[in-house]
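Visitor: sharing a model prediction with you, sequence too.
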Amino acid sequence: MKQEILKKLQKYQIEILDEVVRICQKHKIQYFIIGGNLIGAIRHKGFIPWDDDLDIAMMREDYDKFLEVATQEIDKRMLVDYAENNEYYYLPFAKIRLRDSIYEEPEQKNYQGPKGIWIDIFPMDNANQEDSLFIRWQTFLKESIHFINAIKANVTSEKNSIMKKIIRFIFKPISTQKLVRLQQKIMKWENRKEAKYCISFGARYGMRKQAMLKSVFLPATQVEYEGKMYDAPGDYEFYLKRIYGDYMTLPPENKRVTHNPRRIKFPNEEELQSEDM
């Protein structure tokens, strides 16, 4: 992706983030910069130079509260995209999208829901410990539902197969929304607020890296990101080492990749195809 396009994309993602932070501060909702963006904050004081997404997380109680208030209060240029207001939505976490925009990844060619520029918001659920048969069972069920929903939403990269046709036939009577609601219930099975651990079931780094003490996150600290201060896990060093290992070392150039979008459209501009980027 050309640098000028990437920088414009990142600018709009920061605008979305700032609107999320505004709502969080108004309603005393705790959020955390996470993932590659947290690496970027510590290593680059902003985006990793080739990064084209933005992730934050919230404890489940804050996440549910945020979705409730943000749906009513979000800037009209943006929308809260999740299963409760989008019949095609298939993910176990929410996106805040920019209207009048497009960011279409290759596997989303046939997806019928909104495709606007986004940031991801991941819920972190209570966990009884770092690893247990209970958590593994939760993870298996969550992943199974995600696999089914991805096929129903037609966002898998695999070609049509007999398995996909069978799954579509079996689960046709059950809406994607109902399956996501079931998935959320599974993720929230451990509902004791006094639980000492939390886990991000929706993240892609694997159960054993994602389950950790809540004290890793709370109390939050602030880190610099693109010239502003944002909330991050209090023990961000533990968090980053757990997930990434040596996070301060740059990866080899062949690993410095974006999502390779098929199409991008910025507000009030013409659409760009992959060959234009």
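Guide: Arrived safely, thanks for sending. In this text the structure is predicted, and so the values were computed from the model without any measurement. Numbering: from 1, shown residues only.

Visitor: check which helix or strand Pro219 maps to.
Guide: Here Pro219 is covered by no helix or strand, with elements defined by DSSP states H and E.

Visitor: grab the most central residue of this protein for me.
Guide: Note on the chain: the residue nearest the mean C-alpha position is Asp120, at 3.2 Å, using C-alpha atoms, centre = their mean.

Visitor: the stretch 151-277 of the chain: helices as residue ranges?
Guide: All helices of the stretch 151-277 of the chain, identified by DSSP state H, counting those that start in this stretch, fall at 162-171, 176-187, 207-210, 236-244.

Visitor: which is the next helix or strand following whichever helix in the chain runs longest?
Guide: The residue-count maximum for a helix in the chain (DSSP state H) belongs to helix 3-26. Using DSSP H and E, the helix or strand that follows helix 3-26 in sequence is strand 32-33.

Visitor: so how far is the helix or strand just after that following strand off the chain centroid?
Guide: Later in the chain than strand 32-33, the nearest helix or strand by DSSP H and E is helix 35-44. Mean-position distance between helix 35-44 and its chain equals 15 Å (C-alpha atoms, centre = their mean, to the nearest Å).

Visitor: do stretch 138-155 as well
Guide: Going by C-alpha atoms, centre = their mean, where stretch 138-155 is centred and where its chain is centred differ by 16 Å.

Visitor: repeat for stretch 212-228
Guide: For stretch 212-228 - counting by C-alpha atoms, centre = their mean - the centre lies 17 Å from the chain centre.

Visitor: which residues are contacting it?
Guide: 10, 14, 18, 30, 32-33, 37-38, 40-42, 45-47, 59, 124, 130, 195-199, 229-236, 238-239, 242 (C-beta atoms under 8 Å, 6 or more residues apart in numbering). All C-beta spots, glycine's among them, are computed from the backbone N, C-alpha and C.

Visitor: CA atoms only: put it into CSV for me.
Guide: Taking Å, rounded to 0.1, in the frame of the first residue of the first chain, the C-alpha atoms of stretch 212-228 are listed here in CSV:
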residue,chain,number,x,y,z
MET,A,212,-3.9,-13.4,32.1
LEU,A,213,-4.5,-11.8,35.4
LYS,A,214,-6.7,-8.7,35.4
SER,A,215,-3.9,-7.0,37.3
VAL,A,216,-1.9,-7.0,34.1
PHE,A,217,-4.5,-4.5,32.7
LEU,A,218,-5.7,-2.7,35.9
PRO,A,219,-5.0,-0.1,36.9
ALA,A,220,-4.4,1.3,33.4
THR,A,221,-1.5,3.5,32.4
GLN,A,222,-1.2,5.9,29.6
VAL,A,223,1.0,5.7,26.5
GLU,A,224,1.8,8.1,23.7
TYR,A,225,0.2,7.2,20.3
GLU,A,226,0.3,9.6,17.3
GLY,A,227,1.0,12.6,19.5
LYS,A,228,-1.8,11.9,22.0
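
Visitor: ok, back up a step: next, the angle helix 35-44 makes with the longest helix of the chain.
Guide: Helix 3-26 runs at 100 degrees relative to helix 35-44, counting by axes from the mean of the first three to the mean of the last three C-alpha atoms, to 10 degrees.

Visitor: pull out the buried positions in helix 3-26.
Guide: 5-6, 9-10, 12-17, 19-21, 23-24 (16 or more other C-beta atoms under 10 Å).

Visitor: packing partners of it?
Guide: helix 60-73, strand 94-98, strand 118-127, strand 228-232 (3 or more C-beta pairs under 8 Å, 6 or more residues apart in numbering; DSSP states H and E).

Visitor: pretty sure Phe93 is touching Ile119, no?
Guide: No - with contacts counted by C-beta atoms under 8 Å, Phe93 stays clear of Ile119, the gap being 10.8 Å.

Visitor: looking at those two, which one has more neighbours?
Guide: In terms of neighbours (other C-beta atoms under 10 Å), Ile119 is the more surrounded of Phe93 and Ile119; the figures are 23 against 19.

Visitor: what is the burial count for Gly206?
Guide: 10.

Visitor: which residues does the nearest residue to Arg208 once chain neighbours are set aside contact?
Guide: Spatially, and ignoring its direct neighbours in sequence, Arg208 is nearest to Asp131 (6.1 Å; C-beta to C-beta, 6 or more residues apart in numbering). The contact partners of Asp131, by C-beta under 8 Å, 6+ apart, come to 207-208, 211.

Visitor: ok, the residue nearest to Arg256 when sequence neighbours are not counted to His44 distance?
Guide: Nearest non-adjacent residue to Arg256, counting by C-beta to C-beta, 6+ apart: Trp50, 4.5 Å away. Trp50 sits at a distance of 11 Å from His44 (criterion: C-beta to C-beta, to the nearest Å).
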